[in-house]
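Visitor: no sequence on this one, just coordinates:
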């Protein structure tokens, strides 16, 4: 074994990149970088029926989005000849054998064992076939698999997370390692790849722990060194069961589309099973590399707390520059058909969560009003909502009124506490006059706030409501937005401009 740390993340491209897989990739990355090691991405795509190119692409794109950078990439489908060499070696050394039992026969044996309360394992029937019988069956092209001849012994190893682990191979039986010479199975190909790639630390999910004794047996049979194992705790849903689709989104792409930031997921995933042992909860990827250690990975399952994820995402959104946040929000405004970009050329619109190409588009058309607005205008809208956004798509509900020709109002929503129809009409007329008297050069948030708060206090006195400013300011907010809650009406009025503001009051 080399002293340099070499780890691998080895996903199967049989589905979209799971949040649990992302956590495994992250821990491998952190451990390797902390130790100045090498991080390998190995696509385990020997299952030809279930492996799809789009799933592989999803894995690679999401690792790139999360900024988890690998040092080299391998595909098992390109390494069949290597596996075949080692399969032949095990067959020649009589440590593996051809099994010609049919699926029906194996299932019947399995059910019989279960009915008698025995562990379900292969009984070794084909291990007793003579060389002539094997040669004849192969010549007749009978279907077969290749089984490993499991020796009876205790397998013991020290897991970096779980401590001392022990298995009795009597419970395993002779397990399959290949469908044929050209189709190796998981446990076998993993062992060969880990040896060929000089992997010396295997960091993976706890659900793969039962495979470890089989892999150690194969390592011993092939005289391969044994890597150090670390099995990470499961990620659990709020009900403490294994995280699944019934708990909500489980693929990284889903979280990206829902408006979570990459740095949020990195920070959040790091704490699913690891804790620095301090009160610190905010970590960049670089800071995680510095502080990460396997000694601080816990054994018990890690609960996926969506409220904590949302809160953390809100924090990272608030750290963004307005320019960068606008780049992230604008695609959602486009997808919701509030605006459309004005391209200099006929280039295609990028993916939803991508920014607008290499050059940020400077002009947009408001679809409802046909007005042209600038990037700077959209940045102002994003800016006044930055403190309120927890997920990027929320920008739609927080700002859609800016892009509508007319708003629909609920009459009662316009009324503050205890205000009747005649009073409301009088207040709206008052607002119109106040705003009309403000000069264009003084139309800014600071001056609007100063003027309107004074008028709101005066209105409260006239209605004997003490210091309650709501009679004037509440209908102003609702008239401008049509909503119960929003950014301050002064900020909104400043962006809308004098003409639109007064029109909405009318």
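Guide: Looks like it arrived, so ask away. In this text the structure is predicted, and so the values were computed from the model without any measurement. Numbers count the residues shown, from 1 in each chain.
Visitor: the helix or strand where residue 107 lies: what's the following helix or strand?
Guide: Element membership for residue 107, per DSSP states H and E: helix 103-115. Once helix 103-115 ends, the next helix or strand along the chain (criterion: DSSP H and E) is helix 131-139.
Visitor: buried set for that following helix?
Guide: Neighbour counts over helix 131-139 (16 or more other Cβ atoms under 10 Å) mark 134, 137 as buried. To be clear about C-beta, it is placed using only N, CA and C from the backbone, and glycine gets the same treatment.
Visitor: got the contact list for it?
Guide: Residues outside helix 131-139 that contact it (Cβ atoms under 8 Å, 6 or more residues apart in numbering): 97-98, 100, 129, 144.
Visitor: I'd like the next helix or strand past it.
Guide: With DSSP H and E, the next secondary element past helix 131-139 is strand 145-148.
Visitor: for residue 260, see how far away the spatially most central residue of the chain is.
Guide: Geometric centre of the chain, nearest residue: residue 252, 2.6 Å, by Cα atoms, centre = their mean. From residue 252 across to residue 260, the span is 9 Å (Cβ to Cβ, to the nearest Å).
Visitor: what of residue 29?
Guide: Here residue 29 is placed at a distance of 19 Å from residue 260 (Cβ to Cβ).
Visitor: the more surrounded of these two?
Guide: residue 29 (28 against 24; other Cβ atoms under 10 Å).
Visitor: name the helix or strand for that one, please.
Guide: helix 19-34.
Visitor: buried stuff in the lowest-mean-pLDDT helix or strand in the chain?
Guide: Here the helix or strand of the chain ranked lowest by mean pLDDT, DSSP states H and E is helix 103-115, holding a mean of 86. Neighbour-count burial for helix 103-115 flags 106, 109, 113 (criterion: 16+ other Cβ under 10 Å).
Visitor: nearest to residue 275 among those?
Guide: Nearest to residue 275 out of the buried residues of helix 103-115 is residue 113 (Cβ to Cβ; 43.1 Å).
Visitor: residues near the residue nearest to that closest one when sequence neighbours are not counted, how many?
Guide: Closest residue in space to residue 113, ignoring its immediate chain neighbours: residue 120 at 5.1 Å, by Cβ to Cβ, 6 or more residues apart in numbering. Residue 120 has 13 neighbours, counted by other Cβ under 10 Å.
Visitor: per-residue pLDDT of residue 374, please?
Guide: We have a pLDDT of 95 for residue 374.
Visitor: is it true that it touches residue 361?
Guide: No. Residue 374 is beyond contact range of residue 361, at 10.1 Å (criterion: Cβ atoms under 8 Å).
Visitor: contacting residues around the closest residue to residue 121 other than its chain neighbours?
Guide: Excluding the flanking residues, the one nearest residue 121 by Cβ to Cβ, 6+ apart is residue 173, at 2.7 Å. By Cβ under 8 Å, 6+ apart, the contact list for residue 173 reads 119, 121-124, 150.
Visitor: make it 10 Å
Guide: 113, 119-124, 147-148, 150 (Cβ atoms under 10 Å, 6 or more residues apart in numbering).
Visitor: likewise for residue 294?
Guide: Residue 294 makes contact with 27, 30-31, 34, 159-161, 201, 203, 228, 230, 232, 274 under the criterion Cβ under 10 Å, 6+ apart.
Visitor: which stretches of the stretch 351-500 of the chain form helices?
Guide: For the stretch 351-500 of the chain, the helices defined by DSSP state H, counting those that start in this stretch occupy 375-385, 394-399, 411-414, 421-437, 445-462, 470-481, 489-496, 498-505.
Visitor: which one of those lies closest to residue 191?
Guide: helix 394-399 (47.8 Å).
Visitor: list the buried residues of the closest one.
Guide: For helix 394-399, by 16+ other Cβ under 10 Å, it's 394-396, 398-399.
Visitor: how about the helices in the stretch 151-300 of the chain?
Guide: Under DSSP H, counting those that start in this stretch, the stretch 151-300 of the chain gives helices at 186-196, 212-221, 252-257, 262-270, 285-291.
Visitor: columns mean pLDDT and distance to residue 11 on top of those helices, output as TSV?
Guide: Shown next, in TSV, are those (pLDDT from 0 to 100; distance: least, Cβ to Cβ, whole Å):
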stretch	mean pLDDT	distance to residue 11
helix 186-196	97	12
helix 212-221	98	17
helix 252-257	94	11
helix 262-270	97	15
helix 285-291	97	20
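Visitor: got the ones you listed as JSON lines, with distance to residue 180 columns?
Guide: JSON lines is the format used below for the helices of the stretch 151-300 of the chain (distance: least, Cβ to Cβ, whole Å):
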{"stretch": "helix 186-196", "distance to residue 180": "12"}
{"stretch": "helix 212-221", "distance to residue 180": "18"}
{"stretch": "helix 252-257", "distance to residue 180": "35"}
{"stretch": "helix 262-270", "distance to residue 180": "39"}
{"stretch": "helix 285-291", "distance to residue 180": "43"}
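Visitor: give the buried residues for stretch 246-257.
Guide: 247, 250-252, 255-257.
Visitor: actually stretch 290-298, not the one I wrote
Guide: Neighbour-count burial for stretch 290-298 [16+ other Cβ under 10 Å]: 291-292, 294, 297.
Visitor: same check on stretch 57-64?
Guide: Burial within stretch 57-64, assessed by neighbour count using 16+ other Cβ under 10 Å, is assigned to 58-60, 62-63.
Visitor: try stretch 470-488
Guide: Those would be 470-482, 486-487, for stretch 470-488 by 16+ other Cβ under 10 Å.
Visitor: with stretch 142-155 instead?
Guide: Neighbour count says stretch 142-155 has 144-150, 155 buried, by 16+ other Cβ under 10 Å.
Visitor: distance between the ends of it?
Guide: Here the two ends of stretch 142-155 are set 34 Å apart, with distance taken as Cα to Cα, to the nearest Å.
Visitor: over to stretch 370-388?
Guide: Stretch 370-388 has an end-to-end distance of 28 Å (Cα to Cα).
Visitor: may I see the buried residues of it?
Guide: Buried, per 16+ other Cβ under 10 Å, within stretch 370-388: 373, 375, 378-386, 388.
Visitor: what's stretch 106-125 in contact with?
Guide: Residues contacting stretch 106-125 (Cβ under 10 Å, 6+ apart): 97, 99-102, 105, 145, 147, 149-150, 170-176.
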